[in-house]
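> prediction below, plus the sequence it came from.
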Amino acid sequence: MKISGGYRVAILFLATLISVTGCGTEKDEREHREYTVPESLCSMDLDAEMIEPFLPPGKEVDQTEETDRIDWFCRVSVDDKSVFMLTWEWWEPNWSAERFAVRQAYATPDRKSTDGTYVYSKEDAVVAVRCTEQGKDWDIFLTARVRNGGIPNADAMEKFIVAYRDDFLKSDPCADMR
């Protein structure tokens, strides 16, 4: 089958148009954010660069924080959709980060730190804080999750869960336990 010159030009134009419009970059998506990335995350001292890789384009960003005596959560929403969530909760001892991730946090980690203290994937991460090593009866598990249009990113998730743990430990959380 032979294609005439006019059709060839039309096909090339259409192919070029599809390739240009269909191939956005991460930088392009960030540039379409009409909101400012939060300078900190709920009550934590984490830089904006830690959460920025997970946030999708949109008009408005909001943070919601709730706490009680046994757990805490922080939800980041873009245009009223929860896209990133952090939690911590007291939990019984002797659970690995991987076991907690799968059985309690319903996460799907596919990577593990060399020391086994945290597990992560492009969408979830869980880290164990061992209060039992300080003579307490419970441990604390921290989780981070990308959801509902948030941008999955395994490398950023690993950096985030480590920074989250380090910031969390500054407050000596195990001392608060009875």
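It's in.
> point out where the chain drops to low pLDDT.
The model of the chain has pLDDT under 70 over residues 1-31, 177-178.
> so who does W90 touch?
Neighbour list for W90: I70, D71, W138, D139, I140, M177 [criterion: C-beta atoms under 8 Å, 6 or more residues apart in numbering]. Placement of C-beta: from N, CA and C, glycine included.
> would you turn those into JSON lines with neighbour count?
Putting these into JSON lines (neighbours: other C-beta atoms under 10 Å) gives the following:
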{"residue": "I70", "neighbour count": "12"}
{"residue": "D71", "neighbour count": "14"}
{"residue": "W138", "neighbour count": "17"}
{"residue": "D139", "neighbour count": "22"}
{"residue": "I140", "neighbour count": "24"}
{"residue": "M177", "neighbour count": "15"}
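> which ones among these map onto strands?
Using DSSP state E, the subset of these located in strands is D71, D139, I140.
> tell me the contacts of the second one?
In other words, D139. Contact analysis of D139 by C-beta under 8 Å, 6+ apart lists W90, W91, E92, P93, W95, A128, V129, R130, C131, T132.
> identify the bridge partners of it.
W91 (DSSP bridges).
> ok, the first one next?
On the basis of DSSP bridges, D71 is bridged to E89.
> residue contacts, it?
Taking C-beta under 8 Å, 6+ apart as the test, what D71 contacts is T87, W88, E89, W90.
> what do you get for the last one?
Contacts here follow C-beta under 8 Å, 6+ apart; on that basis I140 touches W88, E89, W90, W91, A128, V129, C131, F168, P173, C174.
> now the residue lying closest to I70 once chain neighbours are set aside: how far from K81?
With C-beta to C-beta, 6 or more residues apart in numbering as the criterion, I70 has its nearest non-adjacent residue at 5.0 Å, and that residue is W90. Between W90 and K81 the computed distance is 29 Å (C-beta to C-beta, to the nearest Å).
> just R33 next, same as before
From R33 over to K81 the distance is 14 Å, taken as C-beta to C-beta.
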